[in-house]
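Asks: Quick check, what structure comes out for this input:
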Amino acid sequence: MRIVGVIPARFKSSRFPGKPLADICGKPMIWWVYQQSKKVDEFDAIYVATDDERIFDVCRKLDIEVIMTSDTHPTGTDRVGEVAENVHADLYVNIQGDEPMIEPETIRAAITPFYSKPDLMVTNLMTKITDPVDCVNYTIPKVITNKDNLAVYITRSVAPHPKGRIDFSYYKQVCVYGFRPEALSFFCEYGKKYGKAKIEAIEDIEILRFIENGYLVQYIEVESDTVAVDTPKDLEKVCKLLAKRKKTINRGV
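Replies: Numbers count the residues shown, from 1 in each chain. A predicted model of the protein is given here:
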């Protein structure tokens, strides 16, 4: 099975313009994501997919494989879909360009189910929420699954609501996705014809397009300390964590 990793990266983020190039310990954020992705042995190739010359030029200077894509894509998954039109693979893994602390083992978790489930079309990851603040943070999508960890819903709200019991855990989305080519084609063609799906547009969460249209989305629970950078405040947190990690490595701890 040929597996290609794709890291969508756009400059015009509404909450944090230019964040793929934000400096983290002397390197742009996109460099950190790419380096972590390179540690996944299953990948036959990894590309940054961007629509911005500034990101493209930085990637070239840092020896990062990069593909220039259209600047009209409404979502990162559409950008991955364009890459899929030109780069053949049996599986495409979408790794968000704003998760510089993503662990290789976490990325690998989105790949593993496809080996044993030939009919599986889409995977996504989730991790248990340990900080109560994350439950009420609207920038963090909360994942609701059935007993087989198939997606029921994903929302920015606090859900499920604890009406009669509190002995359960909340889970947040980890933005690594696995797509069969057929699933990517559906996503892109649906978007061209209809735009975003009804609930997808309300929540502004891409994976809802699959759930709304009857696709089974397999969630895999991972233990992950990754922090998505959605705001400058998130960037400050990541910089401190990575600086601390570098000091620990340098001390040989």
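Asks: And the helices in the stretch 101-250 of the chain, which stretches?
Replies: With DSSP state H, counting those that start in this stretch, the ranges of helices along the stretch 101-250 of the chain come out as 104-109, 113-116, 132-136, 181-194, 198-203, 208-212, 232-250.
Asks: for those, which one sits closest to Q35?
Replies: helix 104-109 (9.8 Å; CB to CB). For glycine as for every other residue, the C-beta is placed from the backbone atoms N, C-alpha and C.
Asks: Let me know whether S37 touches R108 as I believe.
Replies: No - with contact defined as CB atoms under 8 Å, S37 does not count as touching R108 (10.5 Å).
Asks: More neighbours: which of the two?
Replies: Under the neighbour definition other CB atoms under 10 Å, S37 and R108 were set side by side, and S37 has more, 21 against 18.
Asks: average pLDDT for the helix or strand containing that one?
Replies: When elements are defined using DSSP states H and E, S37 is found to belong to helix 29-38. What helix 29-38 shows for mean pLDDT is 94.
Asks: Could I get the buried residue list for that helix?
Replies: The neighbour-count criterion (16 or more other CB atoms under 10 Å) identifies 29-34, 36-37 as the buried residues of helix 29-38.
Asks: Closest to F56 out of those residues?
Replies: For the buried residues of helix 29-38, the minimum distance to F56 (CB to CB) is 10.6 Å, reached by I30.
Asks: Ignoring the adjacent residues along the chain, who's closest to the closest one?
Replies: Nearest non-adjacent residue to I30, counting by CB to CB, 6 or more residues apart in numbering: P20, 4.3 Å away.
Asks: go on, E212?
Replies: The shortest distance from E212 to any non-neighbouring residue, by CB to CB, 6+ apart, is to A197 (4.4 Å).
Asks: Next, work out how far apart that neighbour and R209 are.
Replies: As judged by CB to CB, to the nearest Å, A197 and R209 stand 5 Å apart.
Asks: Alright, that wraps it up for me.
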